[in-house]
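Take a look and give me a structure for this.
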Amino acid sequence: MIILAIESSCDETAAAVVENGRTVRSSVVASQIEEHRRFGGVVPEIASRMHTEAIVPVTAQALEQAGITLKEVDAVAVTYAPGLIGALLVGVNFAKGLCIAENKPLVPVHHIKGHIAANYIAHPELKPPFLCLVASGGHSHIIMVEDYTRFRVIGRTRDDAAGEAFDKAARAMGFPYPGGVFIDKAAAQGNPKAYPLPRPKVADSEFDLSFSGLKTAVINQLHNAQQKGEEINTNDMAASFQSAVVETLTSRLMTAAAQNQSTAVVVAGGVAANSGLRTALTEACDKHRLTLYMPPLSLCGDNAAMIGAQGYYEYLAGNTADLTLNARASMAVDE
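Got it, this is the predicted structure:
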């Protein structure tokens, strides 16, 4: 089965052609990073306009690279939640138009489920059930994937997601947007024990996450040093911050794996590209004798291939939509 997938939830316009949920025949991503970097973060209105400009050529390129026409596509999958509402609407309405034009089924896909499905592409042997850590700019979840379309949330962020905290802390340190990659590079040259930072915990939940306080602790240390005329070693601060985030995510995930008797652990989302997290999870899974699955760096960020992979399983489960489908800015993954 061949699915044309569309992704436009934030600042990447993407289209892909995916066969049987596992084989990527083409994947095209048009990034808006350089445009938004001038403002220090994503500007929703600009993102929507750039999606409108890019979505037709990106989709045409994906079909061309796959060597097929729209008529040969069996279904169109599209991210419809969660994300920036204007950006999502561009993708959803474009997908509807394609389905009307060629009388194709429309398959709505949840963005977080798509991130998880990126691992089906990278690891053909991977099948549910498994425990998954989703860490991205807007989401931090620990999820039990019970089946391809059935998910149970074990823990989630109460405030800032891990990727959001990376970007905000990076901005305070003077790094450009998106800050995660710059912190990762700086951390490799720093001392992770140089600056004491809290390890966030949520009092009433063993597995929920919170990164707002950690981000604030970094900002306060930077401001206090500036007021006193003291110099902060940016590499050491980056290493200390990254260590706190990585330790928090890794410890929560290992405890969740033990309590849920999961032998397979999966990582997904943009923060899955962080070298410190990848190293820590590899070491922790080796220690606890767990099988670890991580997507390649090319599938960590937003892309349409992951939407096509999840779209395949949504279609098999009968989860299609009519032309009343609307975008949703927020939606729980287990809703």
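
mind checking how far the residue lying closest to residue 264 once chain neighbours are set aside is from residue 168?
Distances taken as C-beta to C-beta, 6 or more residues apart in numbering place residue 130 nearest to residue 264, at 4.0 Å, with adjacent residues excluded. The C-beta positions use only the backbone N, C-alpha and C, and glycine is treated the same way. From residue 130 across to residue 168, the span is 31 Å (C-beta to C-beta, to the nearest Å).

Report the mean confidence score over the one helix or strand residue 163 maps to.
Following DSSP states H and E, one finds residue 163 within helix 162-173. Averaged across helix 162-173, pLDDT comes to 93.

for stretch 98-111, same thing?
Mean predicted confidence for stretch 98-111 is 97.

With stretch 64-73 instead?
98.

In that stretch, which residues are buried?
For stretch 64-73, the neighbour count (16 or more other C-beta atoms under 10 Å) marks 66, 68, 73 as buried.

Other residues contacting it?
The contact list for stretch 64-73 (C-beta atoms under 8 Å, 6 or more residues apart in numbering) reads 2-4, 17, 25-26, 28, 63, 98, 101-102, 104.

most neighbours, which of those residues?
residue 4 (32 neighbours; other C-beta atoms under 10 Å).

Mind checking what secondary structure it has?
What DSSP: H, G, I helix; E, B strand; the rest coil gives for residue 4 is strand.

Give me the nearest residue to it, chain neighbours excluded.
residue 73 (4.5 Å).

Let me know the distance separating that neighbour from residue 261.
40 Å.

Show the residue spans covered by the helices in the stretch 51-200 of the chain.
85-102, 111-122, 162-173, 180-187 (DSSP state H, counting those that start in this stretch).

Of those helices, flag the one that's most buried.
Ranked by mean neighbour count under mean count of other C-beta atoms under 10 Å, the helices of the stretch 51-200 of the chain are led by helix 111-122, which reaches a mean of 26.

Can you tell me what sits against that helix?
Applying C-beta under 8 Å, 6+ apart, the set of residues contacting helix 111-122 is 7, 9, 18, 21-24, 79, 81-83, 126, 132, 134, 136, 139, 141, 143, 145, 149, 151, 266, 268-269, 293-296, 299-300, 302-303, 305-307, 309-310, 313-314, 333.

Could you list which of these belong to strands?
7, 18, 23-24, 79, 81, 132, 134, 141, 143, 145, 151, 266, 268, 293 (DSSP state E).

And the residues you listed, which is closest to residue 214?
Distance to residue 214 across the ones in strands among the contacts of helix 111-122 (C-beta to C-beta) is lowest for residue 141, with 17.6 Å.

now that closest one: how far from residue 220?
Taking C-beta to C-beta, one finds residue 141 at 27 Å from residue 220.

Look at those two and report which has more neighbours.
residue 141 (27 against 11).

Quick check, that one in contact with residue 333.
Yes - Residue 141 is within contact range of residue 333, at 6.6 Å (criterion: C-beta atoms under 8 Å).

Need the residues touching each of these two.
Joint contacts of residue 141 and residue 333 (C-beta under 8 Å, 6+ apart) are 112, 134, 153.
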